[in-house]
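J.: Predicted model follows, preceded by the sequence.
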Amino acid sequence: MKSDRPATVFLIDDDASVRRGLTRLIQSAGHQVQSFASAREFLESDFQTGGPACLVLDVRMPGLSGLDLQAELQAANVILPIIFITGHGNIPMSVTAMKTGAVDFLTKPVQDTVLLRSVNEALARAEREGAERAEIEIIRGRADTLTPREREVMALVVKGLRNKQIASELGTVEKTIKVHRARVMEKMRVGSVAELVGVAEKIGIPPKSVL
């Protein structure tokens, strides 16, 4: 579902004329634009937004390069789809950028339609990833309500064990496991083992793992 929150495009380029031109272009498509003259200036700003956002980023700039900024954002676990633009690109550079998650790698002068298409793709990715992160936070909140024993039961259910096997594993009776299992299903708000496995995987709990 498309968000009602306004989309923001962060634009970083050390060339003021490029910033002005791209800002006008992106704004003409109905997006908010925040522009910066350097990667460092961007990092020192409050670049968090309430809606989907992406980054249009020059590769070669004085100080911190575009690829350096991409690495810093990844290290800080900042999920922000990136479109690289450059007047000095090469194949190895573009391969590196794309392998590390860039949406696109465009060569200046960038065609208006090509850039706007990439921006729309990046914002759509940001929307999807934002929804996924919100869902994961909800699932984690539900998992936090489980008791230690319910966590153990959930892990064994996800692993594929039946109630009788879980009872044997935990040194209790099957009737007790049925109660714990029902509470797990209720607290995690799932109606089947398949759904439980699905939500467990989303918060990084694969089969054979424990919470």
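T.: Structure received.
J.: on contacts alone, who are the packing partners of the helix or strand bottoming out on mean pLDDT in the chain?
T.: Every helix and strand of the chain was ranked by mean pLDDT, DSSP states H and E. The lowest is helix 91-99, at a mean of 72. If you count contacts as 3 or more C-beta pairs under 8 Å, 6 or more residues apart in numbering; DSSP states H and E, helix 91-99 packs onto helix 66-75, strand 82-86, strand 104-107. For the C-beta atoms, the positions are set from N, CA and C on the backbone; glycine is no exception.
J.: Which strands or helices does the shortest one pack on?
T.: Think strand 104-107. strand 82-86, helix 91-99, helix 112-143.
J.: export these to a markdown table and tack on mean neighbour count?
T.: Shown next, in a markdown table, are these (neighbours: other C-beta atoms under 10 Å):
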| stretch | mean neighbour count |
| --- | --- |
| strand 82-86 | 23 |
| helix 91-99 | 14 |
| helix 112-143 | 16 |
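J.: I'd like those as a markdown table, with distance to residue 25 appended.
T.: Listed next are the helices and strands packed on strand 104-107 as a markdown table, based on distance: least, C-beta to C-beta, whole Å:
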| stretch | distance to residue 25 |
| --- | --- |
| strand 82-86 | 12 |
| helix 91-99 | 21 |
| helix 112-143 | 6 |
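J.: Quick check: pLDDT value at residue 1.
T.: Predicted confidence (pLDDT) for residue 1: 42.
J.: and what of the one 3 residues further on?
T.: In the predicted model, residue 4 carries a pLDDT score of 61.
J.: Equivalent analysis for residue 79, please.
T.: Listed pLDDT for residue 79 reads 82.
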